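1. sequence first, then the predicted structure, then my questions.
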Amino acid sequence: MDRDMSTASRIRESYNDSQERIVLYLRTALRKGKYYYKSKYIARDLGLSSKEVGTNMAILAEICEDLTIIRWSYSNSTTWMVTPKGA
C-alpha cells in the first residue's frame, strides 16, 4: 500500500489533472492487457475532448517516467501504443 500511495503522490506532483487521469486510466488498462488506445475512446471514457487527450498524450510521451507512449497510427482518431517502460 505504501508503494501505491507514493506512486499516487508522485503522479499528482508531476502531472496536471488531465494528465493524471490519463495516466491512471492507462495503467488500469495495461493491467487488463491492453496496449493500444484511440484518443477518442480515452476522451469518451474520461469526459475529455479528443484534442485534449491527444495534446496530453503527446506531452506524456515525453515526460512519463514509467510508461512508453508512442503515436502509433492515425485513422479516424490517433492510436497510441502504451507499454510499461522496460517492457
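-> Structure's in. What do you need?
2. need the helices for the protein, in chain order.
-> 2-14, 17-31, 39-46, 50-63 (DSSP state H).
3. residue 86 is nearest to which of those?
-> helix 17-31 (12.9 Å; Cβ to Cβ). To be clear about C-beta, it is placed using only N, CA and C from the backbone, and glycine gets the same treatment.
4. export the helices of the chain to TSV and append columns for distance to residue 74, mean pLDDT and mean neighbour count.
-> Converted to TSV, the helices of the chain look like this (distance: least, Cβ to Cβ, whole Å; pLDDT from 0 to 100; neighbours: other Cβ atoms under 10 Å):
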stretch	distance to residue 74	mean pLDDT	mean neighbour count
helix 2-14	27	54	11
helix 17-31	18	96	17
helix 39-46	9	96	17
helix 50-63	10	95	16
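5. out of those, which gets nearest to residue 73?
-> helix 39-46 (11.4 Å).
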